[in-house]
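1. Could you look at this predicted model? Sequence included:
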Amino acid sequence: MCTAILIGVATGLMGAVQSIAGFQAESSAARASERAYQQQRTLNQEAANRAYQQTQLKMKGQMEKASQDAEQGLIRRLQAQGGTLAAGRAGQGIGGLLADAERVEGRDLGTLGMNLAYAQQDYFFGMEDINRQQTTANIQAASQRKAKPSAGGLVLGLAGSALSGYQSYSSLKAPKGTTDNSTQDDVKKYSG
């Protein structure tokens, strides 16, 4: 009977040690997973910030180019009108020549405006795409995280170990009410 108790206790303790070791290993893995997740989120944010800056610089460059092109168009118009006036022309034809220079500048400004509108549209689409990529990368990183083990799971593991120990003890102990009376009866027969 003493052996059955020792085997039952040993079985229960081994199971408890395994449950605790498993809980600690899962806790450690969950902490490492959380650190990796936070690092990946930081990297995703840094990549998105670089992409935002590049997109903003591209838009700024296009706006500066449009501004320079508009300024060049103004200079061309003023030069054309100045050349017409300096030529000393007179009459109704001069008004047409002056208006023609304004039409050319207006057409060029319209083209610049359309190009700038397309660039702005590309800018907004680019910003949305960067945000979408960052969100997707964060979701993918989150899906790789390991959950923390629950204390309830540890309690259940310990309870299972205790039950296993008790079952080992129960299977090894002598059934209740059964004693080996045959040897006692044999002793009485021969002695008496």
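-> It's in.

2. what secondary structure does Ala147 sit in?
-> Under the three-state scheme (DSSP: H, G, I helix; E, B strand; the rest coil), Ala147 adopts coil.

3. So what does it have for phi and psi?
-> phi -80, psi 150 (degrees, to the nearest 10).

4. For it, give its distance to Gln53.
-> Per Cβ to Cβ, to the nearest Å, Ala147 is found 36 Å from Gln53. All C-beta atoms are positioned from the backbone trio N, CA, C, and that covers glycine.

5. Could you do Leu112 as well?
-> Distance of Leu112 to Gln53, computed by Cβ to Cβ: 25 Å.

6. which SSE is Tyr52 in?
-> Using DSSP states H and E, Tyr52 maps to helix 2-86.

7. Quick one: list the elements packing against that helix.
-> For helix 2-86, the contact count by 3 or more Cβ pairs under 8 Å, 6 or more residues apart in numbering; DSSP states H and E identifies helix 92-143, helix 151-172 as packing neighbours.

8. what mean pLDDT does the first one have?
-> Pointing back at helix 92-143 there. Averaged over helix 92-143, pLDDT sits at 90.

9. Give me the most central residue, this structure.
-> Asn138 (1.6 Å; Cα atoms, centre = their mean).

10. how about the CA coordinates for stretch 77-95, as CSV?
-> Taking Å, rounded to 0.1, in the frame of the first residue of the first chain, the C-alpha atoms of stretch 77-95 are listed here in CSV:
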residue,chain,number,x,y,z
ARG,A,77,3.9,86.3,-72.6
LEU,A,78,5.5,89.5,-71.4
GLN,A,79,8.4,89.2,-73.8
ALA,A,80,6.0,88.5,-76.7
GLN,A,81,3.8,91.5,-75.8
GLY,A,82,6.9,93.7,-75.2
GLY,A,83,8.3,92.7,-78.6
THR,A,84,5.1,93.5,-80.2
LEU,A,85,4.8,96.9,-78.5
ALA,A,86,8.5,97.6,-79.1
ALA,A,87,8.1,96.9,-82.8
GLY,A,88,6.1,100.1,-83.0
ARG,A,89,3.1,98.5,-84.6
ALA,A,90,-0.2,100.3,-84.5
GLY,A,91,-3.8,99.5,-85.3
GLN,A,92,-6.3,96.8,-84.6
GLY,A,93,-3.8,94.0,-85.4
ILE,A,94,-1.8,94.8,-82.3
GLY,A,95,-4.7,94.0,-80.0
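
11. how about that stretch: buried residues?
-> Across stretch 77-95, burial judged by 16 or more other Cβ atoms under 10 Å covers 77, 80-81, 84.

12. Out of the residues you listed, the closest to Arg107 would be?
-> Within those, proximity to Arg107 (Cβ to Cβ) peaks at Arg77, which comes in at 10.9 Å.
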